[in-house]
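**Student:** just the structure for this:
(4 chains)
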There are 2 protein chains.
Amino acid sequence: MAGGRRASRHILELRHMRYFLAVAEELNFGQAAEKLGIAQPNLSQQIKALEEIVGATLFDRTQRSVKLTAAGEFFREEARQTMAHAGTALAKARRAGRGEIGHIAVGYVGSATYTGALITIMAAFREEFPQVEIDLAELEMQEQLARIAAGTLDIGFVRPPVELPLGIGTSLILQEDIVLAMPARHPLAEADVTLADLRDEPFLTPRHAANVSFRKYTTQACEAVGFTPQLGRQAADFVTIISMVAIGFGVALVPQSCQALHLPGVRYKRLQDVSVKADLSLASRRSEPSPIVRAFLQKGAQYRASLKRQE
Amino acid sequence: MAGGRRASRHILELRHMRYFLAVAEELNFGQAAEKLGIAQPNLSQQIKALEEIVGATLFDRTQRSVKLTAAGEFFREEARQTMAHAGTALAKARRAGRGEIGHIAVGYVGSATYTGALITIMAAFREEFPQVEIDLAELEMQEQLARIAAGTLDIGFVRPPVELPLGIGTSLILQEDIVLAMPARHPLAEADVTLADLRDEPFLTPRHAANVSFRKYTTQACEAVGFTPQLGRQAADFVTIISMVAIGFGVALVPQSCQALHLPGVRYKRLQDVSVKADLSLASRRSEPSPIVRAFLQKGAQYRASLKRQE
DNA sequence: GGGTGGCGATAAGCGCCACCTATCAACAAT
DNA sequence: ATTGTTGATAGGTGGCGCTTATCGCCACCC
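**Tutor:** Sure thing, here's the model as predicted:
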């Protein structure tokens, strides 16, 4: 009954606010129109439409001067904030679209640390995209693959070969030589040894299925020189494996970067008759449209390219 | 050179955000379109236009499901806030337009307090418009009129008649009887007196020009019974005037509501031969489009109407 | 496998409204 | 009176936001 507000068929748009703010600033329709790049009559009409939408006059036009009403003052403040928000909406979405902000979860196998690849790639990524929040976690390879498939992880530093879940792919970033870790007090510790000399030693490997990563490398390398290795204990990571070597549980083929682990009682040896190389790769969802993940993968590719140039 | 963002000729509007939020909520173009009351193809086009404006895809349409991209997530949050702000912009301006929020500055002459009109009107206004901030100040009448003209005061409780500055008008809210204040130890203090009996007494009045307010009432009443009053001291307010009566400086014609001032040594008397009434009015700018001031004036009119009903 | 139903994208056309130019009306300044 | 500057009004046009009709794609289902 009492209400009866004229139901303007128009709907509030940002255009109205842009125009309103221009007039509120200039306090002059003509100049405001010029600043907006439109004709003055249109501006008059749009402001009128806005006033119908609001249901209150926003400007006092006293024929020689334009000034804000009380309602206009309130609207001005809110309109300003609205426009600001609209602007940041655009800016944030654009930056996110270019991968400059957002979030990425990265996992890595422990041995990735020693290669330098992890540190180098992460540093390069952080430098270009400082606004991107990075979740970093050391995880076993299978755990990484499961999480990538589940969507809780974006990137994994893994050591192929390994059977990949559907929709997940890898890209190589590093190949490194494989060296032998053997106990220092082993009879052959001071001699020139070949892999063939070690046919009776137990070989320690990561805890994996037969055809995966260093379990595969180990059998592959041994069979290449004519014997099937006797598998010893298995462990989750190379630190443990090399520790077990030091204790005397056997020998192990490890990535050469693991030589950075200077454990007492361990001797590393480059073997002439081992030509297998160890891979380090980035795993990620194949159907990954996120520009931020793409950017990370690109950093990995750049790292690989920089290595090739050095050769 | 490197930039090359496709300069979409479209401009961001609230419409895009409304549509986007609907799709982001439903995750289904068809249902979102229905909720918006538009056809689905248009929605597809508008979202596409929005994505061109933003310069990034906001939804992953995988043929069977729609979900937000990272950029979409960011945009969603900002768009929500933008819409919220736009809503409050409308709401605030509307309420201001109806006078429900804002600010009003009210002045009053001291004697307005005793009538009850000031308190009653202020209370009624506050109850209906609790959000309106009220500046209240006791001011002499001339000061009020000057400030109203200058725009620093919106409403004044004044006692006409008085010469009004250009563009300022008054509306009556109260008429009250005039009574005599005389010293208690005056020879006639205990007798039945008429105004005519007091022709030799000095009459104390407020400090005004000749034709203003109680200076006018006083001369008018006296001349009505056949003499020209001898004017005594003048003071700024009735408290002072009545105090001076108590001291014995003379007598005074005062509004009957001033009887609330029970000063020792003063006797109030209703005089049969005084028919002049004292006005109390609201002064305000005539060309006052502010709905909040109009609402206040209306409260004044209602108060006057309620008095008339009681008669 | 072909059918069916639900999805979003595309095609083509229509009508409104945001824009334009031209002009008016009101006031100030000279 | 004249002129300049202001915002409002009149009338016309083109773009775009809307529509309906249709397609292409996938999942599901006898």
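**Student:** how far away is residue A:25 from residue A:16?
**Tutor:** Relative to residue A:16, residue A:25 is positioned 15 Å away (criterion: C-beta to C-beta, to the nearest Å). (Each C-beta comes from the backbone N, C-alpha and C, glycine too.)
**Student:** so for the two, which sits in the more crowded spot?
**Tutor:** For residue A:25 versus residue A:16, the count of surrounding residues by other C-beta atoms under 10 Å in any protein chain shown is larger for residue A:16: 24 against 13.
**Student:** could you find the closest non-adjacent residue to the more buried one?
**Tutor:** If you skip the residues right next to it in sequence, residue A:16 has residue A:50 as its closest partner in space, 4.2 Å away by C-beta to C-beta, 6 or more residues apart in numbering or on different chains.
**Student:** just say helix, strand or coil for the nearest residue to residue A:108 once chain neighbours are set aside.
**Tutor:** In space, not counting the residues next to it along the chain, residue A:108 is nearest to residue A:157; the distance is 3.6 Å by C-beta to C-beta, 6+ apart. Under DSSP: H, G, I helix; E, B strand; the rest coil, residue A:157 falls in the strand class.
**Student:** who is residue A:157 paired with across the strands?
**Tutor:** Judged by DSSP bridges, the bridge partners of residue A:157 are residue A:108, residue A:282.
**Student:** burial measure for it, as a count.
**Tutor:** Residues contacting residue A:157 under the criterion other C-beta under 10 Å number 28.
**Student:** could you do residue A:308 as well?
**Tutor:** Summarising burial for residue A:308: neighbours were counted as other C-beta under 10 Å, giving 7.
**Student:** would you mark the buried spots in the helix or strand harbouring it?
**Tutor:** Under DSSP states H and E, the secondary-structure element containing residue A:308 is helix A:291-310. Of the residues in helix A:291-310, those with enough neighbours to count as buried (16 or more other C-beta atoms under 10 Å in any protein chain shown) are A:291, A:292, A:293, A:295, A:296, A:297, A:299, A:300, A:303, A:304, A:307.
**Student:** packing partners for it?
**Tutor:** Here helix A:291-310 is seen to pack against helix A:70-97, strand A:102-108, helix A:117-128, strand A:155-158, strand A:168-183, strand A:277-285 when contacts are counted using 3 or more C-beta pairs under 8 Å, 6 or more residues apart in numbering or on different chains; DSSP states H and E.
**Student:** for residue A:265, what are its contacts?
**Tutor:** Shown here is residue A:265, whose contacts under the criterion C-beta atoms under 8 Å, 6 or more residues apart in numbering or on different chains are A:183, A:184, A:185, A:245, A:246, A:247.
**Student:** tell me the spacing between it and DNA strand C.
**Tutor:** In this structure, residue A:265 lies at 63 Å from DNA strand C, with C-beta to the nearest atom of the strand, to the nearest Å as the measure.
**Student:** also residue A:279?
**Tutor:** Distance check for residue A:279 against DNA strand C: by C-beta to the nearest atom of the strand, it reads 39 Å.
**Student:** just checking, residue A:225 touches residue A:196?
**Tutor:** Yes: judged on C-beta atoms under 8 Å, residue A:225 makes contact with residue A:196 at a distance of 4.6 Å.
**Student:** re the thing from before, need the contacts of residue A:265 in CSV (columns: pLDDT and neighbour count).
**Tutor:** Conversion of the contacts of residue A:265 to CSV gives the following (pLDDT from 0 to 100; neighbours: other C-beta atoms under 10 Å in any protein chain shown):
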residue, pLDDT, neighbour count
A:183, 95, 20
A:184, 93, 14
A:185, 92, 10
A:245, 95, 27
A:246, 95, 19
A:247, 94, 12
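**Student:** would you reformat those as TSV and include distance to residue A:143?
**Tutor:** TSV is the format used below for those (distance: C-beta to C-beta, whole Å):
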residue	distance to residue A:143
A:183	30
A:184	33
A:185	36
A:245	25
A:246	27
A:247	27
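**Student:** what's the closest of those to chain B?
**Tutor:** Nearest to chain B among these, counting by C-beta to the nearest C-beta, is residue A:245 at 44.7 Å.
**Student:** hang on, that closest one packs against residue A:252?
**Tutor:** Yes: the pair residue A:245 and residue A:252 passes the contact test of C-beta under 8 Å, sitting 5.4 Å apart.
**Student:** residues near residue A:146, how many?
**Tutor:** When neighbours are counted by other C-beta under 10 Å, residue A:146 registers 16.
**Student:** I misspoke; the intended subject was residue A:50.
**Tutor:** Taking other C-beta under 10 Å as the definition, residue A:50 ends up with a neighbour count of 25.
**Student:** who's in contact with it?
**Tutor:** Neighbouring residues of residue A:50 by C-beta under 8 Å, 6+ apart: A:12, A:16, A:19, A:20, A:58.
**Student:** gap between the last one and DNA strand C?
**Tutor:** Spelled out, that is residue A:58. Counting by C-beta to the nearest atom of the strand, the separation of residue A:58 from DNA strand C is 16 Å.
**Student:** quick check: closest non-adjacent residue to that residue.
**Tutor:** residue A:72 (3.8 Å).
**Student:** dump the residue contacts of the one you found.
**Tutor:** Residue A:72 is in contact with A:24, A:57, A:58, A:59, B:93, counting by C-beta under 8 Å, 6+ apart.
**Student:** do residue A:295 as well
**Tutor:** Counting by C-beta under 8 Å, 6+ apart, residue A:295 touches A:99, A:125, A:128, A:129.
**Student:** how about 10 Å then?
**Tutor:** Neighbour list for residue A:295: A:98, A:99, A:100, A:104, A:125, A:128, A:129, A:132 [criterion: C-beta atoms under 10 Å, 6 or more residues apart in numbering or on different chains].
**Student:** before we move on, the earlier item: could you dump the helices and strands packed on helix A:291-310 into TSV and include distance to DNA strand D?
**Tutor:** What follows is those, written out as TSV (distance: least, C-beta to the nearest atom of the strand, whole Å):
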stretch	distance to DNA strand D
helix A:70-97	13
strand A:102-108	26
helix A:117-128	33
strand A:155-158	26
strand A:168-183	18
strand A:277-285	16
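**Student:** kindly reformat the ones you listed as TSV containing distance to residue B:40.
**Tutor:** Putting the helices and strands packed on helix A:291-310 into TSV (distance: least, C-beta to C-beta, whole Å) gives the following:
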stretch	distance to residue B:40
helix A:70-97	23
strand A:102-108	30
helix A:117-128	40
strand A:155-158	37
strand A:168-183	34
strand A:277-285	30
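**Student:** one step back: what two of the contacts of residue A:72 have the greatest distance between them?
**Tutor:** A:24 and A:57 (13.2 Å; C-beta to C-beta).
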